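# Requesting a structural model of the entry that follows:
(chains A and B)
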Protein chains: 2
Amino acid sequence: MSSDRIVKPAAISGFPEWLPQIRLVEQQWLDRIRATYERYGFCSVETPSVEALEVLMAKGETSQEVYTLNRLQGGDANDARLGLHFDLTVPLARYVAQHFNDLVFPFKRYQIQRVWRGERPQEGRFREFTQCDIDVINVDSVPLSFDAELPRIIHEVLTDLSIGGFTLGINNRKVLQGFYEGIGIGDPIGVIRIADKLAKIGPDGVAKLLVDELSLTDTQVKAVLDLAQVRGGAEVVDEIARLGSGGALLDEGLAELSFVMRELADLPAGSVVADLSIARGLDYYTGTVYEGTLTDAPGFGSICSGGRYDNLAGSFIRRDLPGIGMSIGLTRIFAKLVGDGTITGGPLSPAQVLVVVPSDDRRGEAIATAATLRSRGIKVETYHAADKLKKQLTYGSRKQIPYIWFPPFEDGKPHEVKDMASGDQRPADPATWTPTSAEA
Amino acid sequence: MSSDRIVKPAAISGFPEWLPQIRLVEQQWLDRIRATYERYGFCSVETPSVEALEVLMAKGETSQEVYTLNRLQGGDANDARLGLHFDLTVPLARYVAQHFNDLVFPFKRYQIQRVWRGERPQEGRFREFTQCDIDVINVDSVPLSFDAELPRIIHEVLTDLSIGGFTLGINNRKVLQGFYEGIGIGDPIGVIRIADKLAKIGPDGVAKLLVDELSLTDTQVKAVLDLAQVRGGAEVVDEIARLGSGGALLDEGLAELSFVMRELADLPAGSVVADLSIARGLDYYTGTVYEGTLTDAPGFGSICSGGRYDNLAGSFIRRDLPGIGMSIGLTRIFAKLVGDGTITGGPLSPAQVLVVVPSDDRRGEAIATAATLRSRGIKVETYHAADKLKKQLTYGSRKQIPYIWFPPFEDGKPHEVKDMASGDQRPADPATWTPTSAEA
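Below is the predicted model of the structure:
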């Protein structure tokens, strides 16, 4: 009986939810990302969904819209001090500081979790979404090899997910800063923050801001914009050296960028590019920075990003703990591919086999058959009642289960299995039969 | 450089967090639970962490402490209407109602997610924890076969997790209600609610409440307590029939209980028990109910529970959608076993092999070796610098990586691999070598 008052269920803007056949694909994505991260020896970490507000705000940055928790029925003062994490970097910094004595460094961890941002409801903006982060934190300094290993891992992940063509752009903040200083700019960080808007407002917009806000000369503006045009492999280093006057910081940045590009030279042409237009506005990046984009949808924006940072945990512990990390915005990419029809969903059941129930008397045999198949790792649904065979077959077909298993309908008859793709039906032994079709 | 102000990181009461070696075991648990659920053909569903408050409160029950969301920097009125889900049953009901036309029934889903409860901080009480639910929802009626299949699945999961001895207790609300009615009790639901406290307040306490609150006669009290003593297999049905006077509802309940116990008769003796003391206080259960306990720690309380319910989605859709489900309280069990030292943690890295870097010149060879091993599914860390060999070996040993791989240190020499458990070191080819130790 239905109750009288109906609460109409509805999607909540910004909080995605998938039908089972789409969720199945999302799960495959998560499994694959995790498998690749682990193949490189990174360990899993999960942190609570909440952090103390003083932890979330330790950097004094309030640019992210944080959700705080309250108890519906009146909480204590403590609750008001908890907020849902808005990324996985702040929790990592807190985690490493808190468990410093229990970790082995360099600490190589991945973290795949939901994060929350109190964005205003808006098309394509998620308020709850899953990020897949991979970071290395070390004491005092992080070996340069990780600047190349991380994009290699992310490249492998994205290739494995079959999301279509993509480019991982790589830059180095030391190159930008050293180059800007070399042409006499007093506020290189200010220029980086403005240059970061290039994709949004174009070169004219950037030029105007550089003049209006930072009083750059025309020559300086031209050099900044020329630098942002540079794209290519390890050879861009020579091009950049020709554009600007050197300096220790520029040289250091160019050596790092050159090292990373040479290390990644074996990856498919065009999939990893030194791109001097990448600025990553965030203050805390200090060396290599990354930004990935979809080849066919450059306007979609970044699908992954990251970079090298000094001492992110400095708010929590008096040790130098620099790091480098990259993050894949799983939900954004996944939702896009679902939305544009690239991902249409898997089957409606994980089962490879549906065992039919011949009759109430032979129920036990159906259950035993399913148990035998499962003991061999095969995923099996046993049909739930001794319904008419046609009804059982319809159920299996609606759920797109690739094999139907018929236990004996009378004594002395063999088991039979039907391959629904080919229509082929033949005797089979549950103790030895193995699925052969692609779904299996 | 450390900043001046240090925010001391600390654990937040009720929000568990694990070191990597413990997290690795938790992940294995999650993988195994999921694998078993899928082996029975249940599909995965995840829902947003939040629901509209009117959905969470649709039943008018406010017994759970709900966390509501607010935006730190001032939200809109909408935000105040969102709460973190406190279980996975309400979200399931809403999900099934909302996506009714897109699902195949009987809808068999599992859901492994975090839930939140605004409990006051208290030893052993979690405010964020993971539940592993498995439910079947159907239109109009749910086949009885699921009453037996669900405890079979949970039994397989708990056995697979090696948590030690456990008992799945099974009862049937129709038996309780029919029995109570048969001995002239006017408020059987009231008796169920009091009988549910048996484990906490003992038979004397229950007897007192039954007299004080429901004015039961001594004979009725004795019958209620006698029934609660009944434990055993399918044969308890006869014992119960002897204790009370029959009736249609009692007969129906006994038939169901008998069916379930007979179906599960193949499971190890004592691991599944008809236990007439199990009442499950919640109003919405209508037939079979379940409660699992640890044999060695009965006072620890339930490790899993569930039951059959009519029309849980009735608040959201004008269809009869009864269901049956069970839920494993993963975090509670896991934290207990970590706390008492049963779970001591896995290795500190998922890697099976550490490839050492012989020298800067031979870095490329180390990377290529690791790539070859990974392409064959082996999990590999490449050491991050051409450090002294001793330092590289110390790192591998601290992380408990079972094999160390030595690429050639000079031209013409072979690769070698060392099994750290046996100390055995021998030549090996990255294209064919396979790990053999248990860690692999």
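# who touches A:G178 in this structure?
Neighbour list for A:G178: A:246-253 [criterion: Cβ atoms under 8 Å, 6 or more residues apart in numbering or on different chains]. Heads up, the C-betas are built off the backbone N, CA and C, glycines and all.
# I misspoke; the intended subject was A:A351.
Taking Cβ under 8 Å, 6+ apart as the contact definition, A:A351 lies against A:379-381, A:399, A:401, B:41.
# Quick one: low-confidence residue ranges for chain A.
A:1-4, A:60-63, A:73-80, A:123, A:282, A:437-440 (pLDDT under 70).
# And the helices in it?
Listed from the start of the chain, chain A has helices (DSSP state H) covering A:20-39, A:53-56, A:89-98, A:145-160, A:173-182, A:188-195, A:198-214, A:218-229, A:236-243, A:248-263, A:330-339, A:363-375, A:389-398.
# Tabulate the ones you listed in CSV, adding columns for distance to B:A234.
Listed next are the helices of chain A as CSV, based on distance: least, Cβ to Cβ, whole Å:
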stretch, distance to B:A234
helix A:20-39, 35
helix A:53-56, 56
helix A:89-98, 51
helix A:145-160, 51
helix A:173-182, 72
helix A:188-195, 74
helix A:198-214, 70
helix A:218-229, 78
helix A:236-243, 77
helix A:248-263, 67
helix A:330-339, 48
helix A:363-375, 14
helix A:389-398, 27
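# out of the ones you listed, nearest to A:G124?
The minimum distance between A:G124 and the helices of chain A falls on helix A:330-339, with 8.0 Å, by Cβ to Cβ.
# Just name whatever secondary elements the closest one is in contact with.
For helix A:330-339, the contact count by 3 or more Cβ pairs under 8 Å, 6 or more residues apart in numbering or on different chains; DSSP states H and E identifies helix A:20-39, strand A:128-137 as packing neighbours.
# Reformat these as TSV; add distance to B:I22.
TSV is the format used below for the helices and strands packed on helix A:330-339 (distance: least, Cβ to Cβ, whole Å):
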stretch	distance to B:I22
helix A:20-39	16
strand A:128-137	19
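# Need the winner for burial among the ones you listed.
Ranked by mean neighbour count under mean count of other Cβ atoms under 10 Å in any protein chain shown, the helices and strands packed on helix A:330-339 are led by strand A:128-137, which reaches a mean of 23.
# what's that one packed up against?
Strand A:128-137 is packed against helix A:20-39, helix A:89-98, strand A:107-116, helix A:145-160, strand A:323-329, helix A:330-339, with contacts defined by 3+ Cβ pairs under 8 Å, 6+ apart.
# how about a cut-off of 6 Å?
strand A:107-116, strand A:323-329, helix A:330-339 (3 or more Cβ pairs under 6 Å, 6 or more residues apart in numbering or on different chains; DSSP states H and E).
# could the ones you listed go into JSON lines alongside mean neighbour count?
Compiled in JSON lines, those are given as follows (neighbours: other Cβ atoms under 10 Å in any protein chain shown):
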{"stretch": "strand A:107-116", "mean neighbour count": "22"}
{"stretch": "strand A:323-329", "mean neighbour count": "23"}
{"stretch": "helix A:330-339", "mean neighbour count": "19"}
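# Show me the one of the ones you listed that comes nearest A:T159.
Evaluated with Cβ to Cβ, the helices and strands packed on strand A:128-137 place strand A:323-329 nearest to A:T159, the distance being 12.5 Å.
# Could you give the number of residues near the residue nearest to A:T288 when sequence neighbours are not counted?
Taking Cβ to Cβ, 6 or more residues apart in numbering or on different chains, and ignoring the residues beside it in sequence, A:T288 has A:D147 as its nearest neighbour in space, at 4.4 Å. A:D147: 25 surrounding residues under other Cβ atoms under 10 Å in any protein chain shown.
# Residues of the stretch 251-400 of chain A that sit close to chain B?
With the criterion set to Cβ under 6 Å from any Cβ of the partner chain, the stretch 251-400 of chain A comes near chain B through A:314-316, A:318, A:348-351, A:374, A:379, A:381, A:384-385, A:398-399.
# most neighbours, which of those residues?
Counting neighbours by other Cβ under 10 Å, A:A351 leads these with 28 neighbours.
# Distance of the residue nearest to it when sequence neighbours are not counted relative to A:I22?
For A:A351, ignoring the flanking residues on the chain, the nearest one in space by Cβ to Cβ, 6+ apart is B:G41 at 3.5 Å. Taking Cβ to Cβ, to the nearest Å as the criterion, B:G41 is separated from A:I22 by 18 Å.
# Alright, I will stop here.
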